[in-house]
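Engineer: Have a look; sequence and predicted model below, questions after that.
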Amino acid sequence: MELINNDDFILVQKKLEKISVKYQEVIALKYFEEKSVREISEILNKKEGTIKSLISRGLQKLRDSL
């Protein structure tokens, strides 16, 4: 996720803090730490399909809040 400037990054961080922790962690791992779905699956000990769903739902919640 490439952010245009620091203000955008701060806005996204603030909005990210307002969604559920289960979504925060997968989004942070995927986009800030640049982990693959497989890596996130191993880190969180969850199925890859679950990770994909969490990322998708989390991004939707983030989009809705922006």
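Structural biologist: Perfect, thanks for sending it.
Engineer: Please make it C-alpha for all contacts and neighbour counts, starting now.
Structural biologist: Fine.
Engineer: List the contacts of residue 11.
Structural biologist: Applying Cα atoms under 8 Å, 6 or more residues apart in numbering to residue 11 gives no contacts.
Engineer: List the contacts of residue 55.
Structural biologist: Residue 55 touches 23, 26-27, counting by Cα under 8 Å, 6+ apart.
Engineer: could you measure it against residue 7, distance?
Structural biologist: 23 Å (Cα to Cα, to the nearest Å).
Engineer: for the chain, what spans make up the helices?
Structural biologist: Remark: helices assigned in the chain by DSSP state H are 6-16, 21-27, 37-44, 48-65.
Engineer: And the last one, what's buried?
Structural biologist: Yep, that's helix 48-65 we're talking about. Neighbour-count burial for helix 48-65, counted by 16 or more other Cα atoms under 10 Å, picks out 48, 51-52, 54-55, 58-59, 61-62.
Engineer: Then stretch 18-33?
Structural biologist: 23-27, 29-30.
Engineer: which one among the contacts of residue 55 gets closest to residue 37?
Structural biologist: The shortest gap between residue 37 and any of the contacts of residue 55 belongs to residue 26, at 8.9 Å (Cα to Cα).
Engineer: now the closest residue to that closest one other than its chain neighbours: how far from residue 12?
Structural biologist: Take residue 26 and drop its neighbours on the chain: the residue closest to it by Cα to Cα, 6 or more residues apart in numbering is residue 55, 6.0 Å away. Distance of residue 55 to residue 12, computed by Cα to Cα: 15 Å.
Engineer: same deal with residue 51?
Structural biologist: 20 Å.
Engineer: do the same with residue 27
Structural biologist: For residue 27, the distance to residue 12 (Cα to Cα) stands at 11 Å.
Engineer: Residue 49 now?
Structural biologist: 25 Å.
Engineer: Also residue 63?
Structural biologist: Applying Cα to Cα, the value for residue 63 to residue 12 is 10 Å.
Engineer: so where's the protein uncertain?
Structural biologist: Along the chain, segments meeting pLDDT under 70 span 1-5.
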